[in-house]
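**Student:** Quick one, what's the 3D model for this:
(2 chains)
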Amino acid sequence: MNERPLRVVIAKAGLDGHDRGAKVIARALRDAGMEVIYTGLFQAPEQIVQTAVQEDADGIGLSILSGAHMTLFPLVVEQLKAQDAGDIVFFGGGTIPPEDARRLKELGVREIFTPGAPLQTIVDFVTRECGKRRTPAA
Amino acid sequence: MTDDALLRDFEMRKPRALARAISYAESGRGRDIVRALYSQTGRALTIGLTGPPGVGKSTLASALVRKARGLGKSVGVISVDPSSPFSHGALLGDRIRLAEHFTDEAVFIRSMASRGHLGGLAGATADAVSLMDAFGFDVILIETVGVGQSEIAIAELAQTTLVALQPGSGDSIQVLKAGIMEIADVFVVNKADHPMANQLRREIRSAMEMLEWKGWIPELVATQALAGDGIEELWAAIQRHMAYLNETGEIEGRRRNAFVHQVRQLAMGRIERRLDVLLEGENSTGLDPYAAADRVISTLGVQLP
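**Tutor:** Just a heads-up that it's a prediction; the model follows:
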């Protein structure tokens, strides 16, 4: 049986046009053998979660550099619950102060990566956490 | 999710169940779910959309989805993008153009990585079509990877094949070449505002005049998908082709082709998975390539000439 590649949605939300970071992450995950679905810019939380559901994604990575992270991350968490998709590994990145990152993790965001985080650390995190989600489903 | 729960959720039309079922098919585990649902297939119209990278396939798909939704039809979209032959990863970016439909519950979009398959589709695309059909979508749009000249699997799978072409991409000799130019039921000259668009239309027309046609003669439609221009005409051309298939009974031939395509994918998938395992452990030291191939085939346990 072929090992099915991990599938990860990389998303940009709200009024934030800075997508270089998201593209760098998408490329790194691709090179690590994952299937990366890129949503493009300006997505609403509902669109992001709907995408992850239809794509049967194992994880969602949300990049926010606009300062709206305390609004948008919680809305995605809410949508994941509303769409019965709380098992999808939700992580994010951006210019997010440590105090905000701590609060977001309390809300259910699994990890927050800030500028300077090594790509390999992010790839390892996604491989490990999304991989865990696969195991019980067999 | 157990297979029973998956089937139950699928029959309750839960999108997650359809999404998971497609994943099963992609990893060679689609047998039970596709078999259980196969009797519910055969109702959807299937439209294939192919053409070179960057011609505007996803933008055309988005405009066609908008048109179909305006007519109250539900739509499944399958977008295939290439997998890396090195990492086996993929960057699936066709959704970007389809964003306006993300929250429409009557639209289901699935990106598929080609996972090493040639021909412009993924090995499990046919299964994904069956699953979307059984789920109840009225129209299924299948967008191939950006193709070159010879990826024509889409014509086996879809009832109507649209070939989108780029202004400035060659003269009438290109149109006369074998391969992708032979599979069009409708030619779409997208980016009709491009200065070379009229020239491309003339080249296609003049090339078509040099060929002998029997039955359906491919239509030619100019579109500017981003602005929605020409989409009414394109939809009308698709409808005329569908009507032609139904009136002449050719639709049965198309269905048969799609069936054979699906059977071939399933059979080849099983053979290839087995072959991969055998080749991995193959120790051919001292053998010539023909002898090594004979040995692998005899291990496969099939009788081949």
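**Student:** C-alpha from now on. contacts and neighbour counts both.
**Tutor:** Fine.
**Student:** Look at the residue of chain B found nearest chain A and say how many residues are nearby.
**Tutor:** Chain B approaches chain A most closely through residue B:89 (3.7 Å), counting by Cα to the nearest Cα. Burial of residue B:89, expressed as a neighbour count using other Cα atoms under 10 Å in any protein chain shown, amounts to 25.
**Student:** what sits against residue 21?
**Tutor:** Answering for chain A, as no chain was given. Neighbouring residues of residue A:21 by Cα atoms under 8 Å, 6 or more residues apart in numbering or on different chains: residue A:63.
**Student:** think we crossed wires, I meant chain B
**Tutor:** Taking Cα under 8 Å, 6+ apart, one finds B:6, B:30, B:33, B:131 in contact with residue B:21.
**Student:** Neighbour-wise, which one of the residues you listed leads?
**Tutor:** For those, neighbours were counted using other Cα under 10 Å, and residue B:131 has the most, 26 neighbours in all.
**Student:** pLDDT-wise, which helix or strand of chain B ranks last?
**Tutor:** For chain B, scoring each helix and strand by mean pLDDT, DSSP states H and E identifies helix B:172-176 as the least confident one, at a mean of 67.
**Student:** Give the next helix or strand downstream of that one.
**Tutor:** Elements were assigned by DSSP states H and E; along the chain past helix B:172-176, the next helix or strand is strand B:186-189.
**Student:** before we move on, the earlier item: make sure the residue of chain B closest to chain A is actually in contact with residue B:81.
**Tutor:** No: using Cα atoms under 8 Å, residue B:89 and residue B:81 do not qualify as a contacting pair, with a distance of 10.8 Å.
**Student:** what's the closest non-adjacent residue to residue A:15?
**Tutor:** Nearest-residue entry for residue A:15: residue A:42, 5.7 Å, with adjacent residues in sequence omitted and distances by Cα to Cα, 6 or more residues apart in numbering or on different chains.
**Student:** ok, the one you found - how many residues close by?
**Tutor:** Counted by other Cα under 10 Å, the residues lying close to residue A:42 total 15.
**Student:** From residue A:127, how far off is it?
**Tutor:** Residue A:42 sits 27 Å away from residue A:127 when distances are taken as Cα to Cα, to the nearest Å.
**Student:** residues near residue 56, how many?
**Tutor:** You didn't pick a chain, so chain A it is. As a burial measure, residue A:56 scores 26 neighbours (other Cα under 10 Å).
**Student:** I was thinking of chain B, sorry if that wasn't clear
**Tutor:** Residue B:56: 23 surrounding residues under other Cα under 10 Å.
**Student:** ok, now the one 5 residues further on?
**Tutor:** Here the neighbour count serves as a burial measure; for residue B:61 (other Cα under 10 Å) it reads 24.
**Student:** Next up, identify which helix or strand it is on.
**Tutor:** Using DSSP H and E, the element containing residue B:61 is helix B:57-70.
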